[in-house]
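Peer 1: A predicted structure for the sequence below; I have some questions about it.
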Amino acid sequence: LPAFLVDGILLLDAGTIGSVLNLKAQSRIRDILITHAHLDHIKAIPFFADNLSTCGFYRTVSVRSTREILNILKENLFNGLVWPDFSKIPTTKKPAIRFEALFAEKAVQLVKHRVTAFSVDHKSPALAFLVENGKGKRVLYTGDTGPTERIWKVCSEKPLDAVIAEVTYPNRMSETAIQSGHLTPELLAWEMRKIRNASPIFLISHSKPLFLAEIKRELEMIERKGVEILQDGQVIDL
Ligand SMILES: [Zn+2]
Ligand SMILES: [Zn+2]
């Protein structure tokens with residue numbers, strides 16, 4: 001499930017945290033950026049918040065997304081029924097998490113990264129994130145999206161080092177992919193052509209386990225270097 005830790009402190013989506021990171025590594029996280037409210041992208045936040053609040057050496061972690069997406073989390077997950085509201089626990093003064101609203105296409109400076117959110121095309125309101133660090137490295141994380149335009153236009157303006165992209169279905173299921181706001185290897189190849197003046201590496205995730213072998217074969221047929229399927233727990237140096 002999608003969760004990408006950048007420089008040890010910034011987490012892009014939170015499908016899983018504790019299955020890879022020990023408690024010490026978890027306590028270093030300062031910000032979590034949420035692309036959208038689908039369960040596979042937020043599943044670990046409740047247990048992460050619980051871990052933080054009980055371990056005794058936590059700093060309040062900012063959970064960031066648009067107000068619309070954060071409201072979905074507040075109303076349907078941290079509502080005191082499905083899970084306690086950890087934005088008030090252990091204390092309202094120093095809670096485990098804090099919800100912080102982002103605005104599309106308005107960059108924010110976090111501890112070590114500048115982040116800009118862009119709207120993409122998915123079934124639930126969804127974002128992509130452009131992350132830039134102080135050393136000039138730029139990574140785009142698409143989150144979940146079907147064929148889309150804006151992110152590729154913006155990312156053509158300045159070279160990107162890497163794109164973390166989703167490929168959920170194999171080519172034979174392109175109709176399902178488009179209906180549900182996802183990509184196949186062929187659809188991804190079309191998206192790649194929308195980037196001008198740059199050839200970032202593409203790191204692929206979000207493939208349905210049942211189709212992984214098929215998707216892998218189809219990705220190998222894309223005539224482009226630098227396409228790699230990410231493994232659980234893998235570390236990438238840019
Ligand atoms: Zn989704
Ligand atoms: Zn998803």
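Peer 2: Received the coordinates, thanks. Residues are numbered from 1 along each chain as shown. Ligands and ions are numbered 1, 2, ... in the order given.

Peer 1: what parts of this protein come near ligand 2?
Peer 2: 38, 40, 144 (Cβ under 5 Å from the ion). Yep, even glycine has a C-beta here, placed from its N, CA and C like the rest.

Peer 1: may I have the beta-bridge partners of the residue lying closest to Ala107 once chain neighbours are set aside?
Peer 2: Distances taken as Cβ to Cβ, 6 or more residues apart in numbering place Thr116 nearest to Ala107, at 4.4 Å, with adjacent residues excluded. For Thr116, the beta-bridge partners are Leu130 (DSSP bridges).

Peer 1: roughly how far apart are Thr116 and Asp85?
Peer 2: 29 Å (Cβ to Cβ, to the nearest Å).

Peer 1: who has more neighbours, these two?
Peer 2: Thr116 (20 against 17; other Cβ atoms under 10 Å).

Peer 1: can you tell me how far that one sits from Phe4?
Peer 2: From Thr116 to Phe4 the distance is 16 Å (Cβ to Cβ).

Peer 1: do the same with His206
Peer 2: 11 Å.

Peer 1: ok, back up a step: the residue nearest to Ala107: what's it in contact with?
Peer 2: By Cβ atoms under 8 Å, 6 or more residues apart in numbering, the contact set of Thr116 is 105-108, 129-130.

Peer 1: highest neighbour count among these?
Peer 2: Counting neighbours by other Cβ under 10 Å, the top entry in these is Phe129, with 27 neighbours.

Peer 1: contacts only, for that one.
Peer 2: Phe129 neighbours (Cβ under 8 Å, 6+ apart): 12, 33, 35, 115-118, 140-141, 143.

Peer 1: which parts of this structure are helices?
Peer 2: Under the criterion DSSP state H, helices of the chain are mapped to 23-27, 39-42, 45-55, 67-76, 150-156, 174-180, 185-192, 212-220.

Peer 1: against which helices or strands is the shortest one packed?
Peer 2: The one in question is helix 39-42. Here helix 39-42 touches no other helix or strand, going by 3 or more Cβ pairs under 8 Å, 6 or more residues apart in numbering; DSSP states H and E.
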